[in-house]
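Student: only geometry, no sequence info:
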């Protein structure tokens, strides 16, 4: 009977247990989104420390979701929302 090979522990586990994120090439942009409705009209509430509000659904909270886009995805996003790019 042939000997079975052992499964090797991945390096990222041996080096601290955090799996490396897939890195995007080039410049990246972060877009804040409402965790309730997914809208991108999220802004800081003036006079409140760390409070965000969605202009679309009126959600208020401390942690809006964040989406990271590469340059091409960001340009497509701007086209989609009708933002003029010079």
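Tutor: Yes, it's here. Because the structure is predicted, anything quoted here is derived from the model rather than measured. Numbers count the residues shown, from 1 in each chain.
Student: assign the spatially most central residue of the chain to helix, strand or coil.
Tutor: A centroid search over the chain (C-alpha atoms, centre = their mean) returns residue 67, at 2.8 Å, as the residue closest to the centre. When the structure is reduced to helix, strand and coil (DSSP: H, G, I helix; E, B strand; the rest coil), residue 67 reads as strand.
Student: could I get the contacting residues of it?
Tutor: In this structure, residue 67 makes contact with 30, 31, 33, judged by C-beta atoms under 8 Å, 6 or more residues apart in numbering. C-beta: built from backbone N, CA, C; applies to glycine.
Student: can I get those in CSV with distance to residue 45, neighbour count and secondary structure?
Tutor: Putting these into CSV (distance: C-beta to C-beta, whole Å; neighbours: other C-beta atoms under 10 Å; DSSP: H, G, I helix; E, B strand; the rest coil) gives the following:
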residue, distance to residue 45, neighbour count, secondary structure
30, 19, 9, strand
31, 19, 17, strand
33, 16, 16, strand
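Student: now the strands: where do they sit in the chain?
Tutor: Listed in chain order, the strands found in the chain under DSSP state E are 28-33, 42-44, 52-54, 60-61, 65-70.
Student: ok, which of those comes nearest residue 83?
Tutor: Comparison of the strands of the chain against residue 83 by C-beta to C-beta identifies strand 28-33 as nearest, at 11.4 Å.
Student: quick one on the thing from earlier: just say which of the strands of the chain is most tucked in.
Tutor: By mean neighbour count, with neighbours taken as mean count of other C-beta atoms under 10 Å, strand 52-54 ranks first of the strands of the chain at a mean of 20.
Student: what average pLDDT does that strand get?
Tutor: The average pLDDT for strand 52-54 rounds to 95.
Student: name the helices or strands packed onto it?
Tutor: Packing partners of strand 52-54 (3 or more C-beta pairs under 8 Å, 6 or more residues apart in numbering; DSSP states H and E): strand 42-44, strand 60-61.
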